[in-house]
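S.K.: Okay, sequence plus prediction incoming.
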Amino acid sequence: MALFKRRTVGKPGEWFYCLVHGTVEEGPQCRAADRFGPYATREEAAHAMETARERNLEWETDPRWHDMGKGGSGGKNESGGDGGGGGAA
């Protein structure tokens, strides 16, 4: 008898998007590393990849995540240098 039984039946009402199979699943059927979720509805899970792309684009274009943004250091480190290696070539 196995000590750890794999749960095959998911929780009703929880929806996941499986990255391996490209399908929507009710309840966690595939391993956690291979899925997005949980989502409240089947529709939200079906659009998981689109939602991820939109969030990635927002993050990539958010000036708060870049040194050159408003209030950023402009690429300089705390000691006033430019952050480069700076050795003679």
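M.R.: Thanks, I have it.
S.K.: When you work out contacts or count neighbours from here on, use the C-alpha atoms and nothing else.
M.R.: Will do.
S.K.: Next, the buried residues of stretch 16-26.
M.R.: Within stretch 16-26, the residues scored as buried using 16 or more other C-alpha atoms under 10 Å are Phe16, Tyr17, Cys18, Val24, Glu25, Glu26.
S.K.: Where does Leu59 fall, secondary structure wise?
M.R.: No Leu there; residue 59 is Trp. Using DSSP states H and E, Trp59 maps to helix 48-60.
S.K.: So which elements touch that helix?
M.R.: Judged by 3 or more C-alpha pairs under 8 Å, 6 or more residues apart in numbering; DSSP states H and E, helix 48-60 has no packing partners among the helices and strands.
S.K.: Now do that helix, average pLDDT.
M.R.: The pLDDT scores in helix 48-60 average 95.
S.K.: quick one, strands of the protein?
M.R.: Applying DSSP state E to the chain gives strands spanning 15-18, 23-26, 35-39.
S.K.: CA atoms of the last one as PDB?
M.R.: Output in PDB follows, covering the C-alpha atoms of strand 35-39 (Å, rounded to 0.1, in the frame of the first residue of the first chain):
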ATOM      1  CA  ARG A  35      -0.300  24.000 -14.700                       C
ATOM      2  CA  PHE A  36      -1.600  27.500 -14.100                       C
ATOM      3  CA  GLY A  37      -4.400  28.100 -11.600                       C
ATOM      4  CA  PRO A  38      -6.700  27.700  -9.800                       C
ATOM      5  CA  TYR A  39      -9.200  29.800 -11.600                       C
END
